[in-house]
Structure formats: C-alpha cells, structure tokens
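Enquirer: Whatever this is, show me its structure:
(one chain, ligands or ions: 1)
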Amino acid sequence: MTRTLLENSRIYQNRDFITGHTLIIEDGKITAIQPADTVIPSDTDTRINAHNAYALPGFIDLHIHGSNGFDTMDATPEAIQGLCDYLVTQGVTGFLPTTMSDTTADITSAVDTLNDFATRPHTPYLGIHLEGPYLNTEHRGSQPDTHLRPPNPDEYLCWFETGQVKLITLAPELTGGHTLLQHCVQHNITPALGHSGATYAQTHEAVIAGLRQITHTFNGMRGIHHREPGAFVAGFENPDVTFQLITDGVHIHPAMVNMVVKLVGIERVAVITDAMRAAGLADGEYELGDVHVTVKDGEARTAQGGLAGSTLTMPNALRNVMTFCDLTLAEAMPMLTEVPAKSIGMYPQKGILQAGADADIVLWQDDVQTTLISGEVVYQQTDFAPA
Ligand SMILES: [Zn+2]
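Expert: Next up, the predicted model:
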C-alpha cells in the first residue's frame, strides 16, 4: 500500500510537541506516529520533509460566511469551491459555510448547493451552519430584520433532512424555539444560542432542551448584568456548553477573550472567524447576504455602523488568542481543532493527530506552510519545498 511519511516535524500531541517521530498516512488516515528510527521507508512511499515545522491538526472554523470575494449565500458551486480553495491556504481543513437570514428560497438554494458539494474529495467542507433565520430582532446585529421569523418546522425540516446541517444559531426564546431544539437533537444538529435576548433562566431551560453552544459570545446577546446574568453565565454553569469566540480584537475586547478562556477553560472555547466576503481582500464595499457592508481598516460595518462579520483568518485568530490570553501554540491549539470538532460530533475523526484520525494536517512555522486534507497536499507555500 502507498504510504505518505511526514518526517522531521514537531508533532502536536496533548498540548505539547514531540520530536523524533514520523507520522504515517495510508488511505487518507493517520495510521501511526512512530519513533523515526523504527520506520523503514520503501521506494513507493511519498516522503514529506517538514524541516522542523510544527505539525498541527488542521484548523476547523465553525462560523464563516465567506472570504476572498466569495460568500456562502452566493449559493453557486464556483463560490463554494473558491471559498474552499482560499481556506486551505489559511490552514483550514474543516469549515461550516454559514448562511445568513434570508428568504426560504435563498437559504434553500445555499443548502442545495452545499448538499451537492458534500461528495467532493479533499475539500475542507464539513457541513452547514445555519445562522438564522430564527433570531430575535432586538439582537439582530447585521442580520436583516425583514428575514427574521419564528421557527417553522415545515421550513427547517426540509433543510435538516438533507443531513448537511451540523450547527444552527437560534434564539431559543422565540415561540417554537423549544420544538426547534428537540428537532435539532433528533437530527444530531448542534443548537447554538445567538442573536438572542434569552435571559439567564431561559438559557438554562434551553440547555435542558438540548442547547450546546453560544454563538459569537457577547455579540448579538445580552451582556452580563449583576441582577440578570444572561446567557453567558447560564452557559458557563453548564459544562456541556461550548463558547464561540471571534478573536479579532474588535468584536470582543482582548481582555474579555482572556476572561472567557480563563473562566470556562480552553476545552470549552471554539475560536471562530465569522469572516465575510472581504476577508483576504482590500478595504471597500461588499455585500454580506442581503446586507451592504463597508470595510475600513479591516473592520466590516453596516450603514448603521454595526459590525457585520469580520475579516479575520484562522492564522490571525490563532496568533491573537495566543497574545490576548498569553498562551503557547500548543496551549491554544485545542480551541481551533479539538473543541470545534467535538462540538459538532466529529471528534476523534477530526481535530487530533492520532492513529485512526483523518490525515488533516497543517505544517506551521509562524504561518501556514503546507496543508493536507485526507493525506493529500492541498496547499503548499511556494518558498517551502518538501525534500
Ligand atoms: Zn451573527
């Protein structure tokens, strides 16, 4: 059988790095991580010399609308492929293209395009994140008012039955919110609270009904108040709840990022970009779903001045969270890999480097040098040539 040997890397293992080992890939999976002197290469092996780069599990972004000129709501195979092609350059081996609140027809069109996409090999596409349309108008952020509505099973069950939806952001306090939570549980879809005015008590009730995540924590929700602790504190008290954090330093103050990470622990934080079409591009005028957005100094805002997604990339999100929380690369790693994978039921197939896992790997030396998906090199920085 053809093997790929990843040699001379510092392999991420259990919040640390090990050296002197070879990572062996067969049929798209990691089959072993062995001391290098016990591996006897054969002529048919493909050998990748990592030149002492870090070998990390590929990054997993649960919340990303678009990048590099493409948006999930473009709903064309070209746009989704364009997004995939860009994301692998950023070390992303798994992402959930994220929809905006829109008409039934436009969301269905995005879901259908992504459903067709599911069988393409060696892409980072993992499934869909539906952000809305069942959101609270009072906490809508840049989600368009006209497209927000209470949950309607006739509508969402069609999307759920494609099997592609992995995550949905919803406001559990809306009429029909708990029925929606039950349907999420039945369909193995992770429900996340976001663009919601849920109180502390309502959030606790939602967790009992199946809620498992807080979307872009502190954005599009109540803040913490000493007489109404809100969704964050209720989530903190429930160990099954994971917190998405946008670590661009704009959506949440770095001190708040540090507080959340220290308070709930790294094992409950998923770093996300919430990136929109302009990520990877220059400042200018862009569309985010149905919403017109101006990007200036990397900040994406609507005409009313509200934040409308970020221009963040996962490598920058990683560097920022390390700085904001004073973490080493190994300490920060679970928040971009293991935690997001676990939160959508894809661990340990994804998010870890161990025998049996998909060979989704990033070679990192201050930045992404090489990206592998299922053992295939899908991106190679040009000035970093393997031996
Ligand atoms: Zn949002």
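Enquirer: since we're on His292, how many residues are nearby?
Expert: Neighbourhood size, His292 [other C-beta atoms under 10 Å]: 12. All C-beta atoms are positioned from the backbone trio N, CA, C, and that covers glycine.
Enquirer: Could you do Ala110 as well?
Expert: Other residues near Ala110 come to 26 when the count uses other C-beta under 10 Å.
Enquirer: For it, which residues are in contact?
Expert: By C-beta atoms under 8 Å, 6 or more residues apart in numbering, the residues touching Ala110 are Thr72, Met73, Ala75, Pro97, Thr99, Ile128.
Enquirer: Closest to Cys325 out of those residues?
Expert: Among these, Pro97 lies closest to Cys325 (C-beta to C-beta), at 27.8 Å.
Enquirer: ok, Val185 touching Gly210?
Expert: Yes - using C-beta atoms under 8 Å, Val185 is in contact with Gly210, at 4.2 Å.
Enquirer: does Phe324 sit in a helix or strand, and which one?
Expert: Using DSSP states H and E, Phe324 sits in helix 314-325.
Enquirer: Distance-wise, check the closest residue to Thr98 other than its chain neighbours relative to Ser9.
Expert: Nearest non-adjacent residue to Thr98, counting by C-beta to C-beta, 6 or more residues apart in numbering: His129, 4.2 Å away. Per C-beta to C-beta, to the nearest Å, His129 is found 31 Å from Ser9.
Enquirer: hmm, back to that, quick one: list the elements packing against the helix holding Phe324.
Expert: strand 59-64, helix 254-264, strand 269-272, helix 329-332 (3 or more C-beta pairs under 8 Å, 6 or more residues apart in numbering; DSSP states H and E).
Enquirer: residues in contact with that helix?
Expert: Outside helix 314-325, the residues that touch it by C-beta under 8 Å, 6+ apart are 59, 61, 90-92, 245-249, 254-255, 257-258, 261-262, 271-273, 327-329, 331-332, 335-336, 367-368.
Enquirer: how far is stretch 303-323 from where the chain is centred?
Expert: 13 Å (C-alpha atoms, centre = their mean, to the nearest Å).
Enquirer: List the buried residues in that stretch.
Expert: For stretch 303-323, burial by neighbour count (16 or more other C-beta atoms under 10 Å) applies to 306-322.
Enquirer: For that stretch, output the C-alpha coordinates as PDB.
Expert: Extracted in PDB, the C-alpha atoms of stretch 303-323 (Å, rounded to 0.1, in the frame of the first residue of the first chain):
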ATOM      1  CA  ALA A 303     -24.600  51.600   7.000                       C
ATOM      2  CA  GLN A 304     -25.900  51.900  10.600                       C
ATOM      3  CA  GLY A 305     -22.300  51.300  11.900                       C
ATOM      4  CA  GLY A 306     -22.900  47.900  13.300                       C
ATOM      5  CA  LEU A 307     -20.300  45.200  13.000                       C
ATOM      6  CA  ALA A 308     -21.100  42.800  10.100                       C
ATOM      7  CA  GLY A 309     -18.800  39.800  10.300                       C
ATOM      8  CA  SER A 310     -15.000  40.000  10.400                       C
ATOM      9  CA  THR A 311     -12.100  40.000   8.000                       C
ATOM     10  CA  LEU A 312     -10.300  37.600  10.300                       C
ATOM     11  CA  THR A 313      -8.400  34.500   9.100                       C
ATOM     12  CA  MET A 314      -7.700  31.400  11.300                       C
ATOM     13  CA  PRO A 315      -3.900  32.100  11.400                       C
ATOM     14  CA  ASN A 316      -4.500  35.600  12.700                       C
ATOM     15  CA  ALA A 317      -7.200  34.300  15.100                       C
ATOM     16  CA  LEU A 318      -4.600  31.900  16.500                       C
ATOM     17  CA  ARG A 319      -1.900  34.500  16.800                       C
ATOM     18  CA  ASN A 320      -4.400  36.900  18.500                       C
ATOM     19  CA  VAL A 321      -5.700  34.400  21.000                       C
ATOM     20  CA  MET A 322      -2.100  33.400  22.000                       C
ATOM     21  CA  THR A 323      -1.400  37.100  22.600                       C
END
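Enquirer: List the contacts of Ser374.
Expert: Ser374 neighbours (C-beta under 8 Å, 6+ apart): Gly28, Lys29, Pro121, His122, Asp358, Ala359, Asp360.
Enquirer: Many thanks, we can stop here.
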